[in-house]
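# Just to be clear, the model below is a prediction. Sequence and coordinates:
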Amino acid sequence: MGERDVDAIVALLAAIAREGNYIATEWPFDVGARARALRDALLLRRSVGWIAVDGRELVGELSVIDVTQEEPEIGMIVGAPHRGRGIGRALLERAFAWARTNGKPALTLRVFPDNERARALYCGTGFVDVSLQPDGIVRRDGTGRDVLLMRRPIDEPGRT
Ligand SMILES: CC(C)(COP(=O)(O)OP(=O)(O)OC[C@H]1O[C@@H](n2cnc3c(N)ncnc32)[C@H](O)[C@@H]1OP(=O)(O)O)[C@@H](O)C(=O)NCCC(=O)NCCS
């Protein structure tokens, strides 16, 4: 993921926010501000990430939100027409390799408990439930949504 990808990433994020249910980001949001924030994070190397492309189309992305965290949190999205093709799994494998190389003991994420596809992917790639945060995300309309914190330990190279 580089600066050149930022506009396409934010466009994909907007499409998924419009779907309504899966991610904390709600539509509408300030697209320009979001793009600036992501560009800054990449420039400052606070974030790293990877994209999935199909031909010239950006169809998915995974970001490590703050690489300075001991157990960094990740976020990921795959465009609706491209789900269920293994793209999410491939992006996660790339993130696990990054964590291993960078000495991170684990990666973490937050997911809505009713996001069944995401839960299937995370449980199938070694994430375990840590805690349920009741009303952990407050929507614009003031309602709360429970959010599940998950953690994926990273095995050290050479350890059996
Ligand atoms: C969650 C998401 C990133 C997964 O990406 P993906 O490319 O679809 O994932 P994959 O194809 O690699 O794997 C999906 C897994 O879910 C399972 N799955 C597929 N369709 C499913 C469905 N309809 N319901 C439940 N599980 C399903 C598959 O069995 C697969 O597991 P496997 O690898 O063990 O076979 C993607 O669906 C997405 O972006 N969703 C909307 C945004 C979102 O929810 N982001 C995550 C927020 S925490």
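Sure, I can see it. Numbering: from 1, shown residues only.

# And Glu70, how close does it get to Pro113?
As judged by CB to CB, to the nearest Å, Glu70 and Pro113 stand 25 Å apart. In short, each C-beta sits where N, CA and C put it, glycine included.

# and these two? which has more neighbours close in?
A direct count of neighbours by other CB atoms under 10 Å for Glu70 and Pro113 places Pro113 higher, at 13 against 9.

# wouldn't that one be in contact with Ser131 here?
No - using CB atoms under 8 Å as the test, Pro113 is too far from Ser131 to be in contact (11.5 Å).

# so what's the residue in the chain that the ligand sits nearest to scoring on pLDDT?
Ranked by CB to the nearest ligand atom, the top residue of the chain for proximity to the ligand is Gly88, at 2.5 Å. At Gly88, the model reports a pLDDT of 98.

# quick check, it in a helix?
Yes - with DSSP: H, G, I helix; E, B strand; the rest coil as the criterion, Gly88 is located in a helix.

# ok, it - contacts?
Gly88 sits next to Gly60, Met76, Val78, Ala118, Leu121 when contact means CB atoms under 8 Å, 6 or more residues apart in numbering.

# Now do the same contact list for the fourth one.
Put plainly, it is Ala118. By CB under 8 Å, 6+ apart, Ala118 lies in contact with Tyr22, Gly88, Val111, Phe112.
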